[in-house]
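In: Coordinates only, no sequence provided:
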């Protein structure tokens, strides 16, 4: 029997997700604040939410709480709610899993998805690899079955908080890799930046009590490779714009989440890339000077 799937957010990721869900597995409905983006028109949430078996939240982290508010009063207890956002809420510094469980009714099945799933690639039929994280293994099994046979391959872990943190950190360090590319520093420097980024992600993960193996999985380091080196990544592109123009207008999860991570971990001298981003994003220092001082160990 086909599942009734509701996708909240008809942007690039929501559109790509709809393309990969096998049509024999699901009947897909859409909702977006911009009703012109919804294929076939937009029905009211009152009609869509109560009938949905699965709700995918394909909106950025800063919009999750607002998106959840009307859903919370309408959702039925058995509906799985899955967040694909990879950010921390500001100013609470809560993960998307924590925001979902806080806003939705008690015991509502909640999951998060993280991993290497660039919308431009999975939407064109190329493979994507993601980690589905939920403490409810039955819910996870149903969601994996929903996507079985598609271009998006899912694995499951129960530690949703660690998967959420992995996505946050890879977005932050994808900005650094974009800065390196934007400055034209070459492959040698890219390799050093990547190695340093991995070390710092693991260190911050310890501070934030995230599982190290999750950080080393496709939800963390694997996604850093995919998005930190891709011109199709908003975080990487924001980094290149910072390098070339000294500013960026791109709304990306890495920049949005950075102050919250800084709030949680504070200033730590051994996190050299993180501190460089703090100088650039928070104190507005010159990007080229900050990175050159970083590379030549002047700071």
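Out: Alright, I've got the coordinates. Owing to the predicted nature of the structure, the values given are computational and were not obtained by experimental measurement. Numbers count the residues shown, from 1 in each chain.

In: now the residue nearest the centre of the chain: how far from residue 254?
Out: Taking Cα atoms, centre = their mean, the centroid of the chain lies closest to residue 86, which sits 2.2 Å from it. Here the distance between residue 86 and residue 254 works out to 9 Å (Cβ to Cβ, to the nearest Å). Quick note: C-beta positions are derived from backbone N, CA and C, even for glycine.

In: just residue 110 next, same as before
Out: Counting by Cβ to Cβ - residue 110 and residue 254 are separated by 24 Å.

In: Let me see the domain layout of the protein.
Out: 3-158, 166-295 (automatic domain parsing).

In: Okay, helices next: where are they in the protein?
Out: Remark: helices assigned in the chain by DSSP state H are 12-20, 45-48, 61-72, 96-103, 119-122, 137-147, 160-182, 186-207, 212-215, 223-228, 234-245, 253-265, 272-277, 287-295.

In: Can you list the helices and strands that the fourth one packs against?
Out: Using 3 or more Cβ pairs under 8 Å, 6 or more residues apart in numbering; DSSP states H and E as the contact criterion, the secondary-structure elements in contact with helix 96-103 are helix 61-72, strand 80-83, strand 110-116, helix 160-182.

In: Mind putting these into JSON lines with mean pLDDT and mean neighbour count?
Out: Compiled in JSON lines, these are given as follows (pLDDT from 0 to 100; neighbours: other Cβ atoms under 10 Å):
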{"stretch": "helix 61-72", "mean pLDDT": "96", "mean neighbour count": "18"}
{"stretch": "strand 80-83", "mean pLDDT": "98", "mean neighbour count": "26"}
{"stretch": "strand 110-116", "mean pLDDT": "97", "mean neighbour count": "27"}
{"stretch": "helix 160-182", "mean pLDDT": "98", "mean neighbour count": "28"}
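
In: Mind checking the ones you listed for the one nearest to residue 199?
Out: helix 160-182 (10.3 Å; Cβ to Cβ).

In: what's the closest non-adjacent residue to the residue nearest to the centre of the chain?
Out: In space, and not counting its chain neighbours, residue 86 is closest to residue 167: 3.2 Å by Cβ to Cβ, 6 or more residues apart in numbering.

In: same thing with residue 24?
Out: Residue nearest to residue 24 in three dimensions, not counting chain neighbours: residue 2, with 7.0 Å by Cβ to Cβ, 6+ apart.

In: now swap in residue 101 and tell me
Out: Once flanking residues are discounted, residue 101 sits nearest to residue 110: 5.4 Å by Cβ to Cβ, 6+ apart.

In: Contacts only, for the nearest residue to residue 222 once chain neighbours are set aside.
Out: Nearest in space to residue 222, with sequence neighbours left out and distances taken as Cβ to Cβ, 6+ apart, is residue 116 at 5.1 Å. Applying Cβ atoms under 8 Å, 6 or more residues apart in numbering, one finds that residue 116 lies in contact with 128, 129, 130, 218, 222, 223, 225, 226, 227.

In: how near is the closest residue to residue 211 other than its chain neighbours to residue 175?
Out: The shortest distance from residue 211 to any residue other than its chain neighbours is 4.2 Å, reached at residue 162 (Cβ to Cβ, 6+ apart). Between residue 162 and residue 175 the computed distance is 21 Å (Cβ to Cβ).

In: what's the spacing between the closest residue to residue 45 other than its chain neighbours and residue 33?
Out: On the basis of Cβ to Cβ, 6+ apart, the spatially nearest residue to residue 45 that is not a chain neighbour turns out to be residue 70, at 5.3 Å. For residue 70, the distance to residue 33 equals 11 Å [Cβ to Cβ].

In: cool, residue 97 as well?
Out: 23 Å.

In: Which one's more surrounded, those two?
Out: Set residue 97 next to residue 33 and count neighbours by other Cβ atoms under 10 Å: residue 97 wins out with 22 against 14.

In: before we move on, back to that, same list (the helices of the chain) but as CSV, adding distance to residue 90.
Out: As requested, the helices of the chain are arranged in CSV below (distance: least, Cβ to Cβ, whole Å):
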stretch, distance to residue 90
helix 12-20, 20
helix 45-48, 25
helix 61-72, 7
helix 96-103, 11
helix 119-122, 23
helix 137-147, 28
helix 160-182, 12
helix 186-207, 17
helix 212-215, 22
helix 223-228, 21
helix 234-245, 16
helix 253-265, 5
helix 272-277, 16
helix 287-295, 23
